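Peer 1: Structure for the following, please:
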Amino acid sequence: MANMITVDSEEFRELIGWADRIEQNIAEAIKRMRPTIADEHYMNSEQLADKLHITTRTLQKLRDERTIPFTSVCGKFLYPESGIYEVLRKNYRDFKTWKRR
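Peer 2: This next block holds a predicted model:
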């Protein structure tokens, strides 16, 4: 006869709880995923505006001025994560040591 594993109802509820938490964590991770094209992660306008704490109108102005890198696919704007970080890095100023002119 095959070995039988017995689980009492409290252990079963605990296992179900673990499974539910794992399922929730996976669902949250999927929501945070960004599209990847040619090993580059992209953000859409809403995601980038939220991350930079700016409006989508300000984002449009940055696009118009060619301040930030972007691409347009079927009328949707996508922003390469590495390009955005590079713009931020190049324009970073430490305001603790920065003096007004």
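Peer 1: alpha carbons only for contacts and neighbour counts from here, please
Peer 2: Will do.
Peer 1: For this protein, which segments count as helices?
Peer 2: Assigned by DSSP state H, the chain shows helices spanning 9-32, 45-52, 56-64, 81-90.
Peer 1: Just tell me which of those ends up closest to residue 96.
Peer 2: Across the helices of the chain, residue 96 has its closest neighbour in helix 81-90 (16.5 Å, C-alpha to C-alpha).
Peer 1: buried stuff in the closest one?
Peer 2: Residues of helix 81-90 classed as buried by neighbour count (16 or more other C-alpha atoms under 10 Å): 81, 83, 84.
Peer 1: May I see the helices of the chain organised as CSV, with mean pLDDT added?
Peer 2: Output for those, formatted as CSV (pLDDT from 0 to 100):
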stretch, mean pLDDT
helix 9-32, 86
helix 45-52, 94
helix 56-64, 95
helix 81-90, 93
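Peer 1: out of the ones you listed, which comes closest to residue 73?
Peer 2: Residue 73 lies closest to helix 45-52 among the helices of the chain, at 12.3 Å (C-alpha to C-alpha).
Peer 1: In space, not sequence, find me the middle residue of this structure.
Peer 2: residue 32 (4.9 Å; C-alpha atoms, centre = their mean).
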